[in-house]
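A.B. asks: sharing a model prediction with you, sequence too.
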Amino acid sequence: MKPEEVNYQPLYELKHATLYVLNNTWKGSLWGLGVLSLAAGVWFSIQAVDPRGIILAMVPVGVLVAHLTRNFKNRVWDEFAVVNGWTFDGDTPLAVLLPPSMQFGHSQHLSPIIQANLAGMVCDMYSYDTTVGEGKSAVTYYFTTALLKLPKTMPHMVLHAKHNDANVQNDLADGQELKLEGDFNDYFRLMIEKNQQIDALTILTPDVMQTLVDYSQNEDVEIVGDNLYLVVKGDKRDAANVEQLIKSVFELGSQLIENARLSGAPLQSEVSQAVVPGTYTLTPSEWSWASLHNPTQKSDLILLLVVSVIVIALFAWLLIGLSRVPQY
């Protein structure tokens, strides 16, 4: 299917995913847990004369909400694939899924990896996060990525979008910046491997540069071997951002593949029709909209109960403290 034929309806649920989880988990009981935790935190802060008590009391609820929101987003992401008849990639190794510029940090998490078929081009789409540093200095980076297989090997290059840099951390180890003609440098900063100027220019033809300006200003673009990566900063799996990402990978991929065809390389359609090992499909019968609209699944209940016990204990401690306040 072409980008305009894709059904984005399930992804509208993700525009306010956290708020949806708060309102629909156990009929909104998370709001109550939050209020109880806040009250206990305020009391602790007053008694200890330390405002950090509020933060400490809110941590359990914050962790729970983040966990439930991530699971909810992944379930909606699964549904998005199902309604479009797409498969999931369960075989491609992490070293291939991630461009070199994103291979940093620790404690990484991947969403389900959708294999979208766009008029014969099969691309992987997923969100990813990784953490740098430890303890208080830890910083977590979030990305949304599309990966498309190209019909021939191309020189390694990274195009950093100046208007919406994805904040990738690794650059080319032995790279150099290459300035191109016209206003292209106003939109992208191009990094290539040293002494690869001629090879890079054979790929970044004027029509490819125009396609990048027209469709890909929101993504960092990296080409490594026969892999094309488009990377957006943040977990941007809502309908508007995914539609933009799909249009971008479709237009840029089509242009690169057409140029490769004219140069004598095999067509991408011939490559994409091959059987991809490790893929699997969810059918509508295996998916329930009821489970989608109930953010709390059985695997989440234990964490929910643990946090509830902690919050109730904090609130009980608050009530005991209030009962011991001298009466005048």
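C.D. replies: Received, thanks. Residues are numbered from 1 along each chain as shown.
A.B. asks: for the protein, what helix or strand is lowest in average pLDDT?
C.D. replies: Counting by mean pLDDT, DSSP states H and E, the weakest-scoring helix or strand in the chain turns out to be helix 289-292, with a mean of 34.
A.B. asks: just the helices in the stretch 1-150 of the chain please.
C.D. replies: Assigned by DSSP state H, counting those that start in this stretch, the stretch 1-150 of the chain shows helices spanning 17-24, 29-48, 52-83, 94-97.
A.B. asks: which one of the ones you listed has the lowest average pLDDT?
C.D. replies: Set side by side, the helices of the stretch 1-150 of the chain differ in mean pLDDT, and helix 29-48 is lowest with a mean of 60.
A.B. asks: where does this structure dip in pLDDT?
C.D. replies: 25-61, 169-171, 264-328 (pLDDT under 70).
A.B. asks: mind telling me what element residue 229 is part of?
C.D. replies: Residue 229 is located in strand 220-233, with elements delineated by DSSP states H and E.
A.B. asks: can you check residue 159 too?
C.D. replies: Counting by DSSP H and E, the secondary-structure element that holds residue 159 is strand 139-161.
A.B. asks: helices and strands around that strand, which ones?
C.D. replies: Here strand 139-161 touches helix 94-97, strand 121-132, strand 188-193, helix 197-203, strand 220-233, helix 239-262, helix 268-272, going by 3 or more C-beta pairs under 8 Å, 6 or more residues apart in numbering; DSSP states H and E. The way it works is simple: take the backbone N, C-alpha and C, and place the C-beta from them, glycine included.
A.B. asks: pretty sure residue 190 sits against residue 159.
C.D. replies: Yes: counting by C-beta atoms under 8 Å, residue 190 does reach residue 159; the two are 5.4 Å apart.
A.B. asks: can you pull the buried residues of stretch 164-180?
C.D. replies: Along stretch 164-180, these residues count as buried under the neighbour rule (16 or more other C-beta atoms under 10 Å): 166, 168, 172, 175, 178.
A.B. asks: hang on, I meant stretch 69-79
C.D. replies: 69-79.
A.B. asks: enumerate every residue touching residue 245.
C.D. replies: Residue 245 makes contacts with 125, 144, 146, 218-219, 230, 232, 236, as judged by C-beta atoms under 8 Å, 6 or more residues apart in numbering.
A.B. asks: try it again with 6 Å
C.D. replies: Residues in contact with residue 245 (C-beta atoms under 6 Å, 6 or more residues apart in numbering) are residue 146.
A.B. asks: same question for residue 207.
C.D. replies: Contacts for residue 207 were tallied using C-beta under 6 Å, 6+ apart; there are none.
A.B. asks: remind me which helix or strand it belongs to.
C.D. replies: Under DSSP H and E, the secondary-structure element containing residue 207 is helix 206-215.
A.B. asks: which of the residues in that helix are buried?
C.D. replies: 209, 211-212, 215.
A.B. asks: can you add secondary structure and distance to residue 24 and give the buried residues of stretch 164-180 back as JSON lines?
C.D. replies: Supplementary listing: the buried residues of stretch 164-180 in JSON lines, determined by DSSP: H, G, I helix; E, B strand; the rest coil; distance: C-beta to C-beta, whole Å:
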{"residue": "166", "secondary structure": "coil", "distance to residue 24": "31"}
{"residue": "168", "secondary structure": "coil", "distance to residue 24": "34"}
{"residue": "172", "secondary structure": "coil", "distance to residue 24": "45"}
{"residue": "175", "secondary structure": "strand", "distance to residue 24": "47"}
{"residue": "178", "secondary structure": "coil", "distance to residue 24": "50"}
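A.B. asks: wait, residue 113 sits on residue 89?
C.D. replies: Yes: Residue 113 is in contact with residue 89 according to C-beta atoms under 6 Å; the separation is 4.2 Å.
A.B. asks: shared neighbours, these two?
C.D. replies: Common contact partners of residue 113 and residue 89 (C-beta under 6 Å, 6+ apart): residue 124.
A.B. asks: including distance to residue 240, could the buried residues of helix 206-215 go into TSV?
C.D. replies: Compiled in TSV, the buried residues of helix 206-215 are given as follows (distance: C-beta to C-beta, whole Å):
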residue	distance to residue 240
209	25
211	20
212	20
215	15
